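Need the 3D shape of this:
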Amino acid sequence: MRRKTARGSEFFEIPSGRVEIRWDGALATLYFNGIESSCTNVDDPTSLEFEYMQHATCALDCVIDEAAPVRALHLGGAGCTLPLAWSYLRPKSKQTAVEIDPDLPDLVRRVFDLPKSPALSIRIGDGREVMSSFRDSTFNVIVRDTFANGQVPAHLATLECAKIAREKLKDGGLYILNCAHGGGSDARAEIAAISEVFGQVMSIQDPKVGRSGRRGNVIVIGYVGADYPVEDLDRALRRLPLPARVTHGVNLTKWCAGTSALRDADIGYKETGAS
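Now for the predicted structure:
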């Protein structure tokens with residue numbers, strides 16, 4: 001991959017807005033309409049700057065042998081940083097990224113030298129609709145990392161959406177969600193939804209974010225099964241440059257007590273083609 005050594009930004013105008021790629025040596029941070037969306041190390045794509053991507057990788061490594069290929073679906077494309085990293089870490093994987101903006105994929109493919117299909121295909125469309133189009137039991141892992149103006153689109157956070165994700169996952173599969181919490185967002189509602197569908201649920205969160213002391217991200221993991229190796233994940237997270245911990249079981253139940261899952265009817269959402 002090419003390396004940019006100078007600091008500075010490149011700007012690209014596409015019909016849906018402005019893309020800025022801000023370079024700091026080999027690090028390229030992508031901003032879409034002023035919002036930070038991804039950060040790619042073009043010298044070493046396996047080096048993940050965003051903590052939630054490190055957490056997602058740890059979660060996957062604990063249930064599928066490292067370097068083993070996976071079938072992965074990424075709802076939310078942006079710079080495709082995580083699919084790119086996994087393509088190096090897990091050769092022969094087949095991954096699909098879904099991006100709602102029709103002009104962004106061509107741009108990021110040019111800048112970041114992304115793998116070609118079938119190693120990495122990028123589909124244009126709404127994440128939930130594209131996810132629904134796949135056959136059941138297709139994926140080892142689905143990552144939902146979709147935001148609009150800093151908020152998770154409501155139809156991607158409902159109980160019904162979680163049920164679709166569960167259907168598309170194989171036994172032992174993972175549904176990994178990057179959730180916003182604080183400032184009008186409540187990750188606990190998403191945990192309530194996931195808990196109704198998946199055999200085991202965990203979260204990874206900064207304690208201050210969990211106390212709503214500041215707005216931040218909470219990673220939620222739904223596992224198709226009941227024997228996820230939580231202790232292995234906890235050890236892996238503690239070895240990261242910025243250690244993290246898993247919240248699960250009674251502690252997770254207490255944190256979410258009294259919170260209800262969001263449903264399609266609550267937001268007036270109807271599946272495409274539904275009568």
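
which regions of the protein sit below the pLDDT cut-off?
1-6, 182-183, 206-216, 273-275 (pLDDT under 70).

And the strands in it, which stretches?
8-14, 17-24, 27-32, 35-41, 71-75, 94-99, 120-124, 139-144, 169-181, 200-205, 216-223, 246-248 (DSSP state E).

can these go into a markdown table with extra columns for distance to T158 and mean neighbour count?
Every residue, glycine included, has its C-beta placed from N, CA and C. Below are the strands of the chain laid out as a markdown table (distance: least, C-beta to C-beta, whole Å; neighbours: other C-beta atoms under 10 Å):
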| stretch | distance to T158 | mean neighbour count |
| --- | --- | --- |
| strand 8-14 | 30 | 12 |
| strand 17-24 | 27 | 16 |
| strand 27-32 | 24 | 20 |
| strand 35-41 | 23 | 20 |
| strand 71-75 | 14 | 24 |
| strand 94-99 | 17 | 23 |
| strand 120-124 | 21 | 18 |
| strand 139-144 | 12 | 25 |
| strand 169-181 | 12 | 22 |
| strand 200-205 | 16 | 23 |
| strand 216-223 | 14 | 24 |
| strand 246-248 | 22 | 22 |
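
Quick check: which of those strands is nearest to R109?
R109 lies closest to strand 120-124 among these, at 7.6 Å (C-beta to C-beta).

Neighbouring strands of that closest one in the sheet, and parallel or not?
Strand pairing for strand 120-124, using DSSP bridges, gives strand 94-99 (parallel).

Measure how far the strand it pairs with is from the centre of its chain, please.
11 Å (C-alpha atoms, centre = their mean, to the nearest Å).

So what touches that strand?
69-78, 80, 83, 86-87, 105, 118-127, 130-131 (C-beta atoms under 8 Å, 6 or more residues apart in numbering).

next one: stretch 11-26
Applying C-beta under 8 Å, 6+ apart, the set of residues contacting stretch 11-26 from outside is 3-10, 28-34, 41-44, 101-104, 107, 111.

Next up, the contacts around the residue nearest to G173 when sequence neighbours are not counted.
Spatial nearest neighbour of G173, chain neighbours left out: V224 (4.5 Å); criterion: C-beta to C-beta, 6 or more residues apart in numbering. By C-beta under 8 Å, 6+ apart, the contact set of V224 is 166, 169-175, 198-199.

what's V224 sitting at in phi/psi?
phi -80, psi 90 (degrees, to the nearest 10).

So it versus E10, what's the distance?
41 Å (C-beta to C-beta, to the nearest Å).

where along this protein do the helices fall?
Secondary structure of the chain, counting by DSSP state H: helices at 51-61, 81-89, 104-112, 127-132, 159-168, 187-195, 207-210, 230-238, 249-255, 264-267.

Dump those helices to TSV, plus mean neighbour count and distance to I142.
Listed next are those as TSV, based on neighbours: other C-beta atoms under 10 Å; distance: least, C-beta to C-beta, whole Å:
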stretch	mean neighbour count	distance to I142
helix 51-61	22	11
helix 81-89	23	12
helix 104-112	18	19
helix 127-132	20	7
helix 159-168	21	5
helix 187-195	24	12
helix 207-210	14	23
helix 230-238	16	18
helix 249-255	13	20
helix 264-267	13	19
